[in-house]
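**Q** Need the 3D shape of this:
(2 chains)
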Amino acid sequence: MTGSHSAAIEVSDLQVSYGSQRVLHGVNLSVAPGEFIAILGSSGCGKTTLLRTIAGFQKASGGAIRLFGRDVVNTPPEKRGIAMMFQSYALWPHMTVLGNVGYGLRLRGVPRDEIRSRVASVLKMLNLSGLEERKVTNLSGGQRQRVALGRALAIEPEILLLDEPLSNLDAKVRIQVRSEIKALQKQLGFTAIQVTHDREEAMTMADRIVVMEAGRIAQVGSPEEVFDHPNSPFVASFMGAENTIALDVRPSGAGVEVRAAGGSATTWTGTAPVGGVTAYFRDDVASLDDPNARIEGSIVLPGTITQRTYPGGHYRYVVAIDDRHFTVTDSAYHELDRPVRLRLPLASLHLFPTEMIKGGNHA
Amino acid sequence: MARPSFFGLLLIAPALTMIGALFLYPLGYSLAAAFTEPGGSLSLMHFQKAYELYSTDILFTLFIVIVSTILVALFSVAIAGILTLGETPWLVGALRQLYRWPLFIPFIVAAQCMRTFLAKNGLMNNALVALGVMEPIQATSFLDWRGIIITFVWKQVPFVTLMLAGAMASIDPATIEAGRNLGASRLRVLIELVLPQVAQTLLVGLVLSFVTMLSVLSVPMMVAGSQPTMLTVDMAFRINSYGDYATANALGVISYMIAGTVAWIYLRHNVKREAQA
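**A** Here you go, the predicted structure:
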């Protein structure tokens, strides 16, 4: 995406091992100045290890990490000049808010008066004005989180790493702080990498999303790219396309003919891999139709509604087709045990050759 | 809940009796004896005598125990710091294995070892001479106040380190990483971020060490000569040689007061912390 000399962070062929167990298998990533990157993945995929290696808390066993062109792979964390925000906030309980936020400035030899005024402006930015003398142990979760952000931002870093910074907050505060961090990043222009396992958080905050799987990068792209065009079954299901169905695709005229077990064949002009294919789709892609409907470009399968829940705004149904179950979101109310047709628009399905999934090599 | 229970009292009665008979009664008796004239009336004559004979030893005791406590603090902070912040695995591993050994060696054995180690022709001087670090003529005996301090520090550092390293291991490691991330060296992290979080434990360890060192008889008796010496030796001497329990009791009260002062500092610090929290 960007040239190596202009990248704020450039990770090339980075390998990390815990003892004999390899955790990162040659990760390559380039982050442009001012960019907000979210690293998304399930537990144990190596996302936090990648972040901690960039920060210098974890030793790399191979590869390079360059910050604005400077190789830091053997530099201790205190000399890397990266700010980091920790999942546990890691505030120092024996210090006040002023002591915590001003510590980085104190280390840089900034005079006491200037520390005070700079901390005051940071606190103002974070809506914490007047809390300078408060002990951090006497703050609420949201306030502690902001103090931790203020401590990282007070040194005016060019790079900020965030390790699941919002996971300890309750849902309402989380959404608020999410937009605050994003706004501050735009305003101050620092480069940010955030590790998260929350898809929505990654989608709403990041310019680009990095999906990691088992110590490798599975896909990098804008939220739209990763969400709408996952490049592997893993990314598809991680981005919420958790329903799967086996399809058979055959060339037919200008397009393809798609057939599902138990359904009629549909011709489609889009591109699809030919042969045995597994389709991944999200529950909001499918819809429920009248049993006799027949729509071009969609697979239609007869089934029965076995479960209905109302999470708010729409209904979520479980539809049984033979012995398989699919979750479907639909705005209309349907009775249980009623025969329906499950409609799957081919253009919205993520199609992968079944061979690829069986082989297991989908990174 | 609040109703006094006869069975409850019965349950703790054996323990209460033991404390009363074996601790409170002798303590009260020796306190009373320290303040009583042979005739039976109250007086400070035993303290006057203790002061006349042993004022140098009182100061000597204070000096030994205070210097030892300071050295114990320095060494245990250094060792616990290396154990917590060290990045050289073999060094941390070796230190972790070694530092606890003196805990299992009694004071009297430690004192005996120090006699052969620190003497004029002892192991330490012989080793230094053999290494060419110094000439045989320069060899001096360390079997004086220095020997006592070395033995005390050697014996008490593992105890305080054990407590301190445990406390350091239980603080959130991210608070250490946050400091380094902002640019603090490991030494600054230790002094400014880790130590304040474990100060309470360090204080407890040092208070306990202080009181222990104040009450050890074998080390000053075996390691150092007779003049000046520590109050424990003087007390034993008053009793064994003269049967002079009164003066020994007065010296005992002075020891209590020294230990009590330290306990008071500790309690005051505790109360202040609780008020802040």
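**Q** what's whichever strand or helix holds residue B:199 packed up against?
**A** For residue B:199, the element it lies in under DSSP states H and E is helix B:195-214. Judged by 3 or more C-beta pairs under 8 Å, 6 or more residues apart in numbering or on different chains; DSSP states H and E, helix B:195-214 is in contact with helix B:45-85, helix B:145-170, helix B:245-276. Every C-beta, even on glycine, is put in place using the N, C-alpha and C of the backbone.
**Q** interface residues of the stretch 1-150 of chain A facing chain B?
**A** If contacts are counted using C-beta under 8 Å from any C-beta of the partner chain, the residues of the stretch 1-150 of chain A sitting beside chain B are A:55-57, A:76-79, A:81-84, A:86-95, A:103-104, A:107-108, A:135, A:137.
**Q** Poorly predicted segments of the stretch 151-277 of chain B, please.
**A** Low-confidence regions of the stretch 151-277 of chain B, defined here as pLDDT under 70, cover residues B:226, B:276-277.
**Q** quick one: contacts of stretch B:265-276?
**A** Stretch B:265-276 is contacted from outside by A:135, B:200, B:203-204, B:207, using C-beta atoms under 8 Å, 6 or more residues apart in numbering or on different chains.
**Q** same thing but at 7 Å, please
**A** Here stretch B:265-276 makes contact (C-beta atoms under 7 Å, 6 or more residues apart in numbering or on different chains) with B:203, B:207.
**Q** which parts of it are buried?
**A** Using 16 or more other C-beta atoms under 10 Å in any protein chain shown as the test for burial, stretch B:265-276 gives residue B:266.
**Q** What of stretch B:27-41?
**A** Buried positions in stretch B:27-41, judged by neighbour count with 16+ other C-beta under 10 Å: B:30, B:33-36.
**Q** Show me what the very next helix or strand once past the helix holding residue B:199 is packed against.
**A** Following the chain from helix B:195-214 toward its C-terminal end, the next helix or strand by DSSP H and E is helix B:218-223. Judged by 3 or more C-beta pairs under 7 Å, 6 or more residues apart in numbering or on different chains; DSSP states H and E, the packing partners of helix B:218-223 are helix B:107-118, helix B:145-170, helix B:231-242.
**Q** Just name the most buried of those helices.
**A** For the helices and strands packed on helix B:218-223, the largest average neighbour count (mean count of other C-beta atoms under 10 Å in any protein chain shown) is found in helix B:145-170, namely a mean of 22.
**Q** That helix near chain A anywhere?
**A** No: if you take C-beta under 7 Å from any C-beta of the partner chain as the test, helix B:145-170 misses chain A, and the best it gets is 12.8 Å.
**Q** Would you mind listing the residues in contact with residue B:36?
**A** Taking C-beta under 7 Å, 6+ apart, one finds residue B:42 in contact with residue B:36.
**Q** Distance of residue B:64 relative to chain A?
**A** In this structure, residue B:64 and chain A are 32 Å apart, going by C-beta to the nearest C-beta, to the nearest Å.
**Q** Skipping adjacent residues, who's closest to that residue in space?
**A** Nearest-residue entry for residue B:64: residue B:148, 5.5 Å, with adjacent residues in sequence omitted and distances by C-beta to C-beta, 6 or more residues apart in numbering or on different chains.
**Q** do you know how far that neighbour is from residue B:159?
**A** For residue B:148, the distance to residue B:159 (C-beta to C-beta, to the nearest Å) stands at 17 Å.
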